[in-house]
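**Q** sequence and predicted structure are below.
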Amino acid sequence: MSGDPYAVILDQARASVAAGRNPDWSVLEARLRAVQSAERDPAAEGRALQQLKALASVQRARARLAPETSSATAPAPVRRPALLRDRPTITGTMDVRRERDGDRFVLRWDLRPDVLRWEARVAERVGARGQYEAREERDLPGDATELEVPLADVALRVHLIGRGRGGKLVRRAVMSSLTRESWGERWQRRASAA
């Protein structure tokens, strides 16, 4: 069948369709009609033309299903991943409130007669996935009920530890992911082990 001139033209058309190209169907049809053979067979020519029409319909169907690659199509917008941001959280055995007093950010708690002194440890974290690094420590008297927090754009963690007789831990609270932006957001409460 390789000597069949109709088969050669149809094989070329099939190869073009399989490669994803869009052949010029009118040129292929003209080539089929122009085939000169010793014994002209109108039935063979008709079958070849039918096969060419079938190939053309297959190619059109593939083109409809294929994604558009037109240069006029606007590129899809670049989706940037949402910034990783933690919600402010509180953990501990005491209640701590946040207040804003002008430009001051203040943590407040109730007076505890069993606390003789308070330790306040402030740590900061530059990246959303980094570790908190110690920034400062303060000792407060037992009758203290507030702590001004030096907020910035980096996340802060504040450990508030109330110590009783003999340095025993009596009360504690840990506030994490505190920033100027998140100060007014609702705190996520986490269970405390103690």
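**A** Looks like it arrived, so ask away.
**Q** buried stuff in the longest helix anywhere in the chain?
**A** Longest helix in the chain, counting residues (DSSP state H): helix 42-65. Buried residues in helix 42-65, counting neighbours by 16 or more other C-beta atoms under 10 Å, are found at 44, 48-49, 51-52, 55-56, 59. To be clear about C-beta, it is placed using only N, CA and C from the backbone, and glycine gets the same treatment.
**Q** who touches it?
**A** With contact meaning C-beta atoms under 8 Å, 6 or more residues apart in numbering, helix 42-65 is reached by 6, 9-10, 13-14, 17, 20, 22-23, 25, 28-29, 32-33, 35.
**Q** how far out from the middle of the chain is that helix?
**A** Computed by C-alpha atoms, centre = their mean, to the nearest Å, the chain-centroid distance of helix 42-65 equals 46 Å.
**Q** let's test this: mean pLDDT of that helix, rounded?
**A** Helix 42-65 shows a mean pLDDT of 83.
**Q** where along this structure do the strands fall?
**A** Counting by DSSP state E, one finds strands in the chain at the ranges 89-92, 97-101, 104-108, 117-125, 133-141, 146-149, 155-163, 169-178, 188-190.
**Q** would you turn the ones you listed into JSON lines with mean neighbour count?
**A** JSON lines is the format used below for those (neighbours: other C-beta atoms under 10 Å):
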{"stretch": "strand 89-92", "mean neighbour count": "19"}
{"stretch": "strand 97-101", "mean neighbour count": "12"}
{"stretch": "strand 104-108", "mean neighbour count": "15"}
{"stretch": "strand 117-125", "mean neighbour count": "18"}
{"stretch": "strand 133-141", "mean neighbour count": "11"}
{"stretch": "strand 146-149", "mean neighbour count": "16"}
{"stretch": "strand 155-163", "mean neighbour count": "21"}
{"stretch": "strand 169-178", "mean neighbour count": "19"}
{"stretch": "strand 188-190", "mean neighbour count": "11"}
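**Q** rank those strands by pLDDT, which is bottom?
**A** Among those, strand 188-190 carries the lowest mean pLDDT (a mean of 84).
**Q** please name the nearest non-neighbouring residue to Leu116.
**A** Gly142 (4.4 Å; C-beta to C-beta, 6 or more residues apart in numbering).
**Q** shouldn't the one you found be in contact with Glu119?
**A** No: Gly142 is beyond contact range of Glu119, at 11.3 Å (criterion: C-beta atoms under 8 Å).
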